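Visitor: fold the stuff below for me.
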Amino acid sequence: LQDNIKRFKRDLQRYNSKEWLTPERINKSLYNELQKRKVGANEVINEIYKLTETTRQQTKAAIEIYEQLTHVLEIIEGGQDPRSLLNRAQTQSHRLAIFGLLQGKLQGREAKIPTAEALNMPTSVQHLLPKREDSKSNDAFSDEFMQQYHQAIFERDLLQRNSFNNNRGRGYGQFSRGKNGNSNSRGGYRGSRRRGHFLSQGHQSTNHQAYYSNNNNNEHQNKQ
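Guide: Numbers count the residues shown, from 1 in each chain. Here you go, the predicted model:
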């Protein structure tokens, strides 16, 4: 059965419609991050069943067209006019093609939703939409989106580390009440002196470029 399916795909005529017929895939630079995320089995199973329902609907329409064409051949052999059945088959095949194209787009769009949730994308990049690329398969997210995504992740990690270090520093100062009820610090402000914020020292651009460059180079190498 699998061999027949592969042979059928090879025999299909290749139409030059990159916008509608080019398959979509997740950017390779996101594979490692997605592998860290856990997805509920029930969610995956339900999505698969949705796909099988769409496939059954397309199969039903294809069977109806086949039966009509078979009847057309019988009418021709009987010397009758088959044009009405041919027109009906043409209309149904046209609708089936449109249905398949739209379903492919909708399924690709639905795949982005759990992908975005799994990646826990920063709010600053959630509004961006991917652009289609001229290749055998389209990346789900454009290069512009990926660059801003890596930058946002980079900055978020820096802020989290900086906040963690500051909280550790403030923990050293201990306070006690003096004779007059005033607060005095024991140990002073040891450790509470803040270092300059990394993002304010002019290193953001250089370090982010190196951060994104490594991810982008790995992605292009995988494509080649």
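
Visitor: show me how this structure divides into domains.
Guide: Split into domains by the TED database, the chain comes to 27-120, 121-163.

Visitor: now the shortest one: mean pLDDT?
Guide: Translated: domain 121-163. Averaging pLDDT along domain 121-163 gives 68.

Visitor: highest mean neighbour count out of the domains of the chain?
Guide: Most buried of the domains of the chain, by mean neighbour count (mean count of other Cβ atoms under 10 Å): domain 121-163, with a mean of 15. Bear in mind the C-beta positions are built from the backbone N, C-alpha and C, glycine included.

Visitor: returning to that earlier point: of all the domains of the chain, which lies closest to residue 3?
Guide: Closest of the domains of the chain to residue 3 is domain 27-120, at 19.0 Å (criterion: Cβ to Cβ).

Visitor: closest to residue 7 out of the domains of the chain?
Guide: domain 27-120 (17.1 Å).

Visitor: distance to residue 4 added to the domains of the chain, as CSV?
Guide: Compiled in CSV, the domains of the chain are given as follows (distance: least, Cβ to Cβ, whole Å):
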stretch, distance to residue 4
domain 27-120, 15
domain 121-163, 23
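
Visitor: so which of those domains is nearest residue 10?
Guide: Closest among the domains of the chain, using Cβ to Cβ: domain 121-163, at 15.1 Å.

Visitor: distance of residue 158 from residue 28?
Guide: Per Cβ to Cβ, to the nearest Å, residue 158 is found 25 Å from residue 28.

Visitor: wait, I meant residue 50
Guide: 26 Å.

Visitor: please apply the same query to residue 124.
Guide: Taken as Cβ to Cβ, the span from residue 124 to residue 28 is 23 Å.

Visitor: how close does the closest residue to residue 96 other than its chain neighbours sit to residue 141?
Guide: Using Cβ to Cβ, 6 or more residues apart in numbering and skipping the chain neighbours, the partner closest in space to residue 96 is residue 61 (4.4 Å). Remark: distance between residue 61 and residue 141 (Cβ to Cβ) = 33 Å.

Visitor: ok, residue 62 - contacts?
Guide: residue 96 (Cβ atoms under 8 Å, 6 or more residues apart in numbering).

Visitor: for it, what are phi and psi?
Guide: phi -70, psi -40 (degrees, to the nearest 10).

Visitor: try residue 78
Guide: Per degrees, to the nearest 10, the backbone of residue 78 is at phi -90, psi 0.

Visitor: kindly report the same for residue 80.
Guide: phi -100, psi 170.

Visitor: quick one: pLDDT of it?
Guide: So, for residue 80, pLDDT stands at 85.
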